[in-house]
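> Sequence plus predicted model, see below.
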Amino acid sequence: MIQKKYTLKRLNDNIVGKRVIYENKFSINYQNALNPAQFEAASAVDGAYLIIAGAGTGKTRTLVYRVARLVELGFDPKSILLLTFTRKAANEMMNRAAVLLDNRCSKILGGTFHSFANLTLRKYYKALNLDSSFTILDQGDSEDVINLIRSQVEFITKEKRFPNKQTLNKVFSLSVNTGKPVEEIIDESYPHFLDQLDKIMDIRKVYSEYKRRNNLLDYDDLLVYLKNFLHDLSPSAKSLLSSIKFVMVDEYQDTNKLQAEVVLGLTQLNKNIMVVGDDSQSIYSFRGANFKNIIEFPILFPDTKIIKLEENYRSVQPVLDFTNKIIEGAVEKYEKHLYTRRTGGDLPFIVAASTENLQSKFIVDKILDLREEGVPLKDIAVLFRSSFFSFDLEIELNKANIPFQKFGGMKFIETAHIKDVLAFLRIAANPKDIISWYRVLLLLEGVGPKTAQKILDELATARLTIKANPDSQTSFRYNDTIAKLFQLLYQLHTKQALPSEKAQLVVDYYYPIFNEKYDDFNKRKKDLDIFLNITENYKSLDSLLADMAIEPIIDSVIDIEATDKEEEYVTLSTIHSAKGLEWHSVFIIHAVEGFFPSSRSVENLDTLEEERRLMYVASTRAKQNLFVTYPMNIFDREAGTTLSKPSRFISEMNKDLAQGWLLDEDF
């Protein structure tokens, strides 16, 4: 008998569950391209994973490599679902993965929660008892519908103040997204309206019926319908769920209760879920985001593997030591310690100025110094807790002729002239869209609410229609102005044309109205040009309208106020708007107790903790230099000038973590 000899050879392998994966089979050397924690996350396959990605630790890179790796393993790209909070983030990840590996990566299911919901609802509309041509109401449209209902006689009396359309819409939306009853939200935020609760609930009921009757869905409906569809587990839902093998969610700390329920619904059949986020950057509770989602994820998915990304590629170590100290005081958190291999860097500055104006003058002088040192203005940012904190600074920047851009204000899609143009196109796509009809009719000279309502009534009873030429409608008894409108809408509704061609028809018709309506039409005209450029990217009117409703594309030109049209400018921004961005040098201003954290936040542990996370987010935007400033004397109209205390978040710092400076009037 011949005895065989065997040689045992150790292979470079990765065992996940029952899968044995050999690293030498990949075209990409994942271990070399990633640090150990990133590699562990990117090479995960089966199971539930929570990736705690500290600021600047390369979470996007990690997700991109995981997508490429799953595709290399042979999984169908269309079985991978990547949910993000912006379309830009999803596109960036898919494009980067495609460049890294090949074009297969661009075929994964990627997008926002709302865009994925829209696509799913359009595909499975029959199972949901929906009409496939439903129109999506954006926030402004929802408010307009609510206002129509609100203005009915029985809801408003002269004796009692009643919430406006914005407040009502915010309350209804928060209730849907957080799962809190309307009564609780009113009690917490608008207690003076509690005695109007019955009427508020009646308006909510009528609003729901109105949407159903007119084939309308608002933002929240998209997610509600999707959640119900997934959890009902109908044959259609099972078909969808069986096709999705991997679910990945970016910025999980920003999800609300409804979105968490959608994620749970998506993982009922295939339990492969990876969420990426940073509990220390959860700062959007005012939008309904739930900090508990990321904290309690391992409870929802009991066998969750937690992987922490702690190596930072953005900031110098002194900045990281400062930020680590801020978040060290958090009551509830995932323990992590940011570190970098970068060397050098100065300790952050904590600068106390005797007055707010002296604070502003210091920042202006320091910006000029930094520019002389070779730091471009575009790589400098001033961040603040609330928008009005920067008013004094804006005056000083103007005096010094330093160009700046302040982030905030109206968005492109919210500007009145763009909403006007979209209203025409929305009627063409859905002739039942009453809100768009009302908006368009009131643009016409000589048409007031009464005439508009009369036309709406005739449309509702089919005595008027845009499906036929107005010249052939014997019942059409309106003047030339209204006839021209119906002629346009008839063309838009029946003509087989690209969205860009239809949009051009609308703009040509609208332009004389536009010139009459706006004093600053020369500024606004650029927005119409940009809109026409955007439509060139679409082959379907429905997809154009859905994208514009679900995620506006660009800020309005009239809201961008860089001085003298200079390309270089200092960024002034609220901390909420600055999340996800980075600059060489960052100033955090008005770090005063009662302002940051705000006086209202200190009454509640959850809100105080979110203020701490806000300071952490602001500090981690700095790559090289960090300056935290505060005025020692605050002027208040009622109290006069009072002595202030530095924010509790910076008063914890010792001389090893920050250098303290005091400015007096001789500065």
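Noted; the coordinates are in hand.
> can you pull the contacts of Gly448?
Leu442 (CB atoms under 8 Å, 6 or more residues apart in numbering). (Each C-beta comes from the backbone N, C-alpha and C, glycine too.)
> Quick one: the strands in the stretch 1-150 of the chain, in order.
Per DSSP state E, counting those that start in this stretch, the stretch 1-150 of the chain carries strands over the ranges 13-16, 19-22, 48-53, 80-84, 109-112, 135-137.
> Let me know which of those strands is the nearest to Ser573.
Across the strands of the stretch 1-150 of the chain, Ser573 has its closest neighbour in strand 80-84 (21.2 Å, CB to CB).
> Pairing partners for the closest one, with directions?
Strands that pair with strand 80-84, judged by DSSP bridges, come out as strand 109-112 (parallel), strand 246-249 (parallel).
> buried residues in it?
Residues of strand 80-84 classed as buried: Ile80, Leu81, Leu82, Leu83, Thr84 (neighbour count, 16 or more other CB atoms under 10 Å).
> Stretch 352-362 now?
Ala352, Ala353, Thr355, Glu356, Leu358, Gln359, Ser360, Lys361, Phe362.
> Just put those residues in TSV and tack on distance to Ser387 and pLDDT.
Shown next, in TSV, are those (distance: CB to CB, whole Å; pLDDT from 0 to 100):
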residue	distance to Ser387	pLDDT
Ala352	23	95
Ala353	20	94
Thr355	20	87
Glu356	15	87
Leu358	21	92
Gln359	16	94
Ser360	15	92
Lys361	21	93
Phe362	21	96
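> a helix runs through Leu488, doesn't it?
Yes: assessed by DSSP: H, G, I helix; E, B strand; the rest coil, Leu488 belongs to a helix.
> Surely it touches Gln504?
No: using CB atoms under 8 Å, Leu488 is not in contact with Gln504; the gap is 11.8 Å.
> In terms of neighbours, single out the busier of these two.
Leu488 (22 against 14; other CB atoms under 10 Å).
> By residue count, which strand of this protein is the longest?
strand 622-631 (DSSP state E).
> Can you get me a residue count around Lys271?
For Lys271, the count of nearby residues is 12 (other CB under 10 Å).
> Confirm it sits in a helix?
No: assessed with three-state DSSP, Lys271 is coil; it does not lie in a helix.
> low-scoring stretches of the stretch 301-450 of the chain, by residue?
408-413 (pLDDT under 70).
> quick one, strands of it?
All strands of the stretch 301-450 of the chain, identified by DSSP E, counting those that start in this stretch, fall at 305-309, 349-353, 380-384, 404-406.
> likewise the stretch 501-650 of the chain?
570-574, 583-588, 622-631, 633-636, 640-643.
> Can I get those in a markdown table including distance to Ala497?
Below are the strands of the stretch 501-650 of the chain laid out as a markdown table (distance: least, CB to CB, whole Å):
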| stretch | distance to Ala497 |
| --- | --- |
| strand 570-574 | 41 |
| strand 583-588 | 45 |
| strand 622-631 | 49 |
| strand 633-636 | 60 |
| strand 640-643 | 65 |
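> Which among those strands is found nearest to Val276?
strand 622-631 (21.9 Å).
> Quick check: buried residues in the closest one?
Buried, per 16+ other CB under 10 Å, within strand 622-631: Ala622, Lys623, Gln624, Asn625, Leu626, Phe627, Val628, Thr629, Tyr630, Pro631.
> what do you get for stretch 27-47?
Under 16+ other CB under 10 Å, the buried positions of stretch 27-47 are 28, 30-31, 34-35, 37-45.
> Of all pairs in those, which one is the farthest apart?
Greatest spatial distance among those (CB to CB): Asn35 and Val45, at 19.4 Å.
> Tell me which residues touch Gln253, please.
Residues counted as contacts of Gln253 (CB under 8 Å, 6+ apart) are Gly277, Asp278, Asp279, Gln281, Ser282, Ala289, Phe291, Asn293, Ile294.
> Isn't the last one up against Gln281?
The reference is to Ile294. No: here Ile294 lies out of contact with Gln281, judged by CB under 8 Å, at a distance of 9.8 Å.
> between those two, who's got more neighbours?
Comparing Ile294 with Gln281 by other CB under 10 Å, the one with more neighbours is Ile294, at 26 against 22.
> secondary structure element for that one?
Using DSSP states H and E, Ile294 sits within helix 291-295.
> Which other helices and strands does that helix contact?
Applying 3 or more CB pairs under 8 Å, 6 or more residues apart in numbering; DSSP states H and E, we find helix 291-295 packed against helix 257-266, helix 605-619.
> re earlier: contacts for the longest strand of the chain next, please.
Residues from elsewhere that reach strand 622-631 (CB under 8 Å, 6+ apart): 314-316, 319, 322, 345-346, 348-356, 358-359, 362-363, 366, 370, 582-592, 619, 644, 646-647, 650, 658.
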